[in-house]
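**Student:** Dropping a prediction and its sequence here:
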Amino acid sequence: MANIFAASEIVKLGVQIEKNGMDFYNALVNRSKDKKASGIFRYLAGEEEKHISVFQKLLNSIEKYEPAESYPNEYFAYMNALAGDHVFTKEGRGKEIANKVKSDKEAIELGIGFEKDSIIFYEGMKKAVLAGEVKIIEQLILQEESHLQMLQNQMEERE
């Protein structure tokens, strides 16, 4: 089996996802030909930066936490599968992908996909944090859902 993550490593993946999201949206700000789209990308980059701070604080509280599971490493194997499919867990990928974007529509479509992937990953992450911190992850999920809605609205305006 591939790498199995500890709870702290899962949160570190969350940090990396947010860093790549921030890099992705920041790179799109100047590439965008549409002022409204550029403003949305700027806003989303700022939101991702706030999420990085939240995840950094979470790291301090979960270093030794291990979630309940049916068999050894079950949960971490699941998170490994989710993370393996998430393009934004690889350092530097946000900017790399943004530099290949050819249009605002493509950027918005990619952003929609990344926000959906993040929501799925964070839903799974809720089991890797202490019970008192689940609300923090749920709040982040709500924010990601609002980002998703913002991008979907922008896409609908273009169609």
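**Tutor:** Good, I have the coordinates.
**Student:** ok, and the helix or strand in the protein with the lowest average confidence?
**Tutor:** When the helices and strands of the chain are scored by mean pLDDT, DSSP states H and E, helix 74-85 comes last with a mean of 66.
**Student:** gap between the helix or strand just after that one and the chain center?
**Tutor:** Using DSSP states H and E, the helix or strand that follows helix 74-85 in sequence is helix 93-98. Its chain's average C-alpha position is 14 Å from that of helix 93-98, according to Cα atoms, centre = their mean, to the nearest Å.
**Student:** Pull out the buried residues from helix 93-98.
**Tutor:** Residues of helix 93-98 classed as buried: 93-94, 97-98 (neighbour count, 16 or more other Cβ atoms under 10 Å). In this view, the C-beta of every residue, glycine as well, is placed from N, C-alpha and C.
**Student:** Can I get the residues you listed in TSV including pLDDT and distance to residue 149?
**Tutor:** Shown next, in TSV, are those (pLDDT from 0 to 100; distance: Cβ to Cβ, whole Å):
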residue	pLDDT	distance to residue 149
93	82	24
94	87	21
97	90	22
98	91	21
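**Student:** between those, which is nearest residue 145?
**Tutor:** For the buried residues of helix 93-98, the minimum distance to residue 145 (Cβ to Cβ) is 19.9 Å, reached by residue 94.
**Student:** picking up where we left off before, CSV for the buried residues of helix 93-98, including distance to residue 46?
**Tutor:** Formatted as CSV, the buried residues of helix 93-98 follow (distance: Cβ to Cβ, whole Å):
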residue, distance to residue 46
93, 20
94, 14
97, 19
98, 16
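**Student:** Which of these sits closest to residue 122?
**Tutor:** The closest of these, once distances to residue 122 are taken by Cβ to Cβ, is residue 94, at 16.9 Å.
**Student:** Next up, the contacts around the closest one.
**Tutor:** Residue 94 makes contact with 19-25, 27, 88, according to Cβ atoms under 8 Å, 6 or more residues apart in numbering.
**Student:** Quick check: chain neighbours aside, which residue is closest to residue 30?
**Tutor:** residue 38 (7.7 Å; Cβ to Cβ, 6 or more residues apart in numbering).
**Student:** Number of residues surrounding the one you found?
**Tutor:** As a burial measure, residue 38 scores 16 neighbours (other Cβ atoms under 10 Å).
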